[in-house]
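> Sharing a model that was predicted from the sequence below.
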Amino acid sequence: MRDGYDLIVVGAGPAGSIAAKTAAEHDLDVLLMEKRAEIGDPVRCAEGVGKEGVKQFIKPDKRWIAADVKGARIYSPSGIKIEMSEIAKVGYVLERKMFDRELAKQAAKVGAEVMVKTRAIGLIKENGFVRGVKAEHLGDSFAMRADIVIGADGIESKVGRWAGINTTLRLKDIETCAQFLMTDVDIDPDYCEFYIGNQLAPGGYAWIFPKGKKEANVGVGILGSRAEMHPIEYLKRFVERRYPDGQIIEMIMGGVPVGIPTKTTTNGLMLVGDAARMADPLTGGGIVHAMKSGEIAGEVAAKAIKSGDASVERLAEYERRWRSTIGATLQKSYKAKERLLKLSDAEWDSLASSLRGINFEEMTAFGLLKEMIMRNPKLLWDLRCLL
Ligand SMILES: Cc1cc2nc3c(=O)[nH]c(=O)nc-3n(C[C@H](O)[C@H](O)[C@H](O)COP(=O)(O)OP(=O)(O)OC[C@H]3O[C@@H](n4cnc5c(N)ncnc54)[C@H](O)[C@@H]3O)c2cc1C
């Protein structure tokens, strides 16, 4: 094992692997460390992703695509259906065990060193700068120096806190989720389904994402500040009604950050993906933002190291670039989330009725939102600035 690298990336999720790959492509010496024995496993994700978003980073490959979906159906509390479909774009349901592994392989292919079963346990800090990572590998502790560290350690991130960045999430900015991978269920393999309702999933939604003909990710996300019971109880209630005879072959629990990141850099360190709290506040989708932030951080790390300056002022380029891209979407989504949280079930039903028979211009959450605002200007007056 070496005693130093240009860059250490902590966490081999989508954010970390893209950061490591990008930096290695720019000729940095990179170490990508992952605490799990197997990258991508266990999966803590419903695995839905927009095609256009993912294609910016990796060529589609059947090995990590569980379903190529043609549209989405959204159900209001009383069951009014909104259908959105489009042939070309829409999205995939991923096989993240394969997807995450493939991203890490691509980082390795361009020269990043990957270490699994290696858990970061602290940071080396000198003169106000982060200078490396303290870690454990198979019972041994070691310290590894680096000019820059990228924290890509997901929702449970400790790297930011160790570096002195406050990444605490308020209850109103965290979606707590439970999900079953179910088999022997009657699903439409071409459509993702979303269910809204203040009783069903307060402050969130329930989902059914197909993974083949008879298999699906079935889950619920509940806003921390709205939860009256554990998300698993909401999920059991949903599944008992929807799939009383389905079989559960995997169960996961996890959180999604649905706020706005505050600070993401300090001397010698950048935070990316969920560690930086970059999931979309409206949909909870975080994969594409994780990859995008990883790419920007990898590029900025390369420039900073080549210029011999890893100060927070130099790394401000990262902060500026993600704020003008990902940040702009996060702001809009947060505003929409805050407004939609105030809707009663009756108001949701009325919004759904107003959308009957529409051809959506844009097959996205914002496309749907735009139509809702245009058709219900009084009810959604506060959101007219999003048009
Ligand atoms: C139930 C659920 C459903 C979701 N559904 C979707 C969806 O359908 N679509 C979507 O886009 N997003 C979804 N998300 C969000 C999405 O999973 C995340 O936004 C995305 O995985 C973030 O990527 P990341 O690389 O930042 O973090 P992660 O994918 O969480 O990766 C972080 C990595 O860091 C590792 N790590 C952590 N601590 C350490 C340490 N100390 N040392 C070394 N390694 C460490 C972890 O093991 C992990 O591999 C969902 C989340 C949940 C919980």
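Okay, I see it.
> Now for Val220: which residues touch it?
Listed by Cβ atoms under 8 Å, 6 or more residues apart in numbering, the contact set of Val220 reads 177-179, 200-201, 204-207, 231, 234-235, 238. Yep, even glycine has a C-beta here, placed from its N, CA and C like the rest.
> hmm, try it at 7 Å
Contacts for Val220 (Cβ atoms under 7 Å, 6 or more residues apart in numbering) come out as 177-178, 201, 204, 206, 231, 234-235, 238.
> Next step: those restricted to strands.
Using DSSP state E, 177-178, 206 are the members of the contacts of Val220 that sit in strands.
> Surely Tyr234 is in contact with Gly219?
No - with contacts counted by Cβ atoms under 7 Å, Tyr234 stays clear of Gly219, the gap being 9.7 Å.
> anything in contact with each of those two?
Here Tyr234 and Gly219 have no joint contacts, going by Cβ under 7 Å, 6+ apart.
> In terms of neighbours, single out the busier of these two.
Per other Cβ atoms under 10 Å, whichever of Tyr234 and Gly219 has more neighbours is Gly219, with 29 against 25.
> what helix or strand does that one sit in?
Assigned by DSSP states H and E, Gly219 belongs to strand 215-223.
> Nearest to Gly160 among the contacts of Val220?
Cys177 (21.4 Å; Cβ to Cβ).
> would you turn the ones in strands among the contacts of Val220 into a markdown table with neighbour count and distance to Ile80?
Below are the ones in strands among the contacts of Val220 laid out as a markdown table (neighbours: other Cβ atoms under 10 Å; distance: Cβ to Cβ, whole Å):
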| residue | neighbour count | distance to Ile80 |
| --- | --- | --- |
| Cys177 | 25 | 25 |
| Ala178 | 21 | 25 |
| Ala206 | 24 | 15 |
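> What is the nearest of these to the ligand?
Closest approach between those and the ligand, by Cβ to the nearest ligand atom: Cys177, at 3.5 Å.
> How about that closest one: what's its closest non-neighbour residue?
In space, and not counting its chain neighbours, Cys177 is closest to Gly221: 4.4 Å by Cβ to Cβ, 6 or more residues apart in numbering.
> Any idea how many residues pack against that neighbour?
By other Cβ under 10 Å, 26 other residues sit near Gly221.
> Now the residue most central in space within the chain: closest residue in space, sequence neighbours ignored.
Centroid-nearest residue in the chain: Gly286, 1.8 Å away (criterion: Cα atoms, centre = their mean). Nearest-residue entry for Gly286: Ala279, 3.2 Å, with adjacent residues in sequence omitted and distances by Cβ to Cβ, 6+ apart.
> Surely the one you found and Val258 touch.
Yes - using Cβ under 7 Å, Ala279 makes contact with Val258 at a distance of 6.3 Å.
> dump the residue contacts of the residue nearest to Gly219 when sequence neighbours are not counted.
Closest residue to Gly219 apart from its sequence neighbours, by Cβ to Cβ, 6+ apart: Gln179 at 3.1 Å. With contact taken as Cβ under 7 Å, 6+ apart, Gln179 is in contact with 46, 217-219, 252.
> Name the nearest of these relative to Ala365.
Distances from Ala365 to the contacts of Gln179, taken by Cβ to Cβ, are shortest for Ala46, at 14.3 Å.
> now the closest one: how far from Gln199?
As judged by Cβ to Cβ, to the nearest Å, Ala46 and Gln199 stand 21 Å apart.
> Same check on Gly40?
Using Cβ to Cβ, Gly40 is found at 34 Å from Gln199.
> With Gly122 instead?
Per Cβ to Cβ, Gly122 is found 44 Å from Gln199.
> follow-up on the earlier one: restrict the ones in strands among the contacts of Val220 to contacts with the ligand.
Contacts with the ligand within those, as defined by Cβ under 6 Å from any ligand atom: Cys177.
> Could I get the ones in strands among the contacts of Val220 in JSON lines, plus columns for distance to Gly298 and pLDDT?
Below are the ones in strands among the contacts of Val220 laid out as JSON lines (distance: Cβ to Cβ, whole Å; pLDDT from 0 to 100):
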{"residue": "Cys177", "distance to Gly298": "28", "pLDDT": "97"}
{"residue": "Ala178", "distance to Gly298": "33", "pLDDT": "98"}
{"residue": "Ala206", "distance to Gly298": "36", "pLDDT": "98"}
